[in-house]
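>>> Just to be clear, the model below is a prediction. Sequence and coordinates:
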Amino acid sequence: MLNSEMDTDTTQMLSPALPHARLVLPTAATQPVSLNGGMQMPSWYDIHSLESIAGREDPAGLARSLAYVEGLARAEMEASEVPAARVVVAGFSQGGAVALGMLRSGFALGGVMALSSYLPLVAPGSPHAASAVSSANEGTKVFFGYGDAETVVQFGFGAASAEFLRKRGLEVELKTFRGMGHSARDDELADIAAFLKERLPAV
């Protein structure tokens with residue numbers, strides 16, 4: 001799980017439901033973020049605006065983060081002899097965008113979860129949209145979790161991302177949680193645990 005505002009307490013709550021699974025919690029590097037006036041903060045890539053993402057994304061920064069996360073996934077697969085089909089990538093906010101970006105990877109993931117997040121680099125006219133899903137991940141299942149009181153990452157970004165992926169033939173679930181803002185809570189965590197148990201059954 002990519003830790004962008006999702007604390008380790010949250011993942012510790014998931015551990016009892018998945019005693020057979022290993023949760024890896026990378027955090028973003030500290031770097032200047034344009035939205036915050038160039039101040040240094042943990043960030044998976046640069047952010048220029050939360051109002052519109054078209055033409056203001058950071059493909060180079062995202063590529064660096066994707067390479068890092070893919071490297072972690074490959075290391076886990078090699079060290080533990082885990083097949084790619086039992087690797088699920090998840091994240092909150094920016095971390096969720098990186099998790100969805102992993103659909104570009106060359107190996108078929110077991111699933112992707114994006115919480116209060118969106119699929120990057122697919123705005124109309126983006127030269128990166130055509131490669132948003134690799135042939136290996138055309139069958140990957142995706143879960144989006146969003147609060148209907150979201151105030152940071154617009155719900156419309158997530159809904160458009162879900163529709164984009166459905167049109168690419170992926171199985172996508174978009175779950176909305178009444179009254180939830182830019183956060184996670186118990187009923188969403190229950191759905192997250194259910195998704196993980198479905199994608200990562202005990203063996």
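Done, it's in. Numbering: from 1, shown residues only.

>>> What segments of the protein are helices?
Remark: helices assigned in the chain by DSSP state H are 8-14, 59-80, 94-101, 155-167, 186-199.

>>> Burial-wise, tell me which of those comes out on top.
Comparing the helices of the chain by mean neighbour count (mean count of other CB atoms under 10 Å), helix 94-101 comes out on top with a mean of 28. Glycine gets a C-beta too; all of them are placed from N, C-alpha and C.

>>> hey, which helix or strand in this protein has the poorest pLDDT?
helix 8-14 (a mean of 72; mean pLDDT, DSSP states H and E).

>>> Could you export that helix as CSV, keeping only the C-alpha atoms?
The C-alpha trace of helix 8-14 is given here as CSV (Å, rounded to 0.1, in the frame of the first residue of the first chain):
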residue,chain,number,x,y,z
THR,A,8,0.2,2.6,9.4
ASP,A,9,-2.7,2.3,12.0
THR,A,10,-5.0,1.8,9.0
THR,A,11,-3.0,-1.0,7.6
GLN,A,12,-2.6,-2.6,11.0
MET,A,13,-6.4,-2.7,11.2
LEU,A,14,-6.3,-4.7,7.9
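
>>> Name the residues that touch it?
Under the criterion CB atoms under 8 Å, 6 or more residues apart in numbering, residues 1, 23, 25, 184, 189, 192, 193, 196 lie in contact with helix 8-14.

>>> how deep is the second one tucked in, by neighbour count?
Residues within reach of residue 23, counting by other CB atoms under 10 Å, total 14.

>>> was I right about it contacting residue 15?
Yes - the pair residue 23 / residue 15 is scored as a contact, 6.6 Å apart, by CB atoms under 8 Å.

>>> From residue 184, how far out is residue 13?
Per CB to CB, to the nearest Å, residue 13 is found 10 Å from residue 184.
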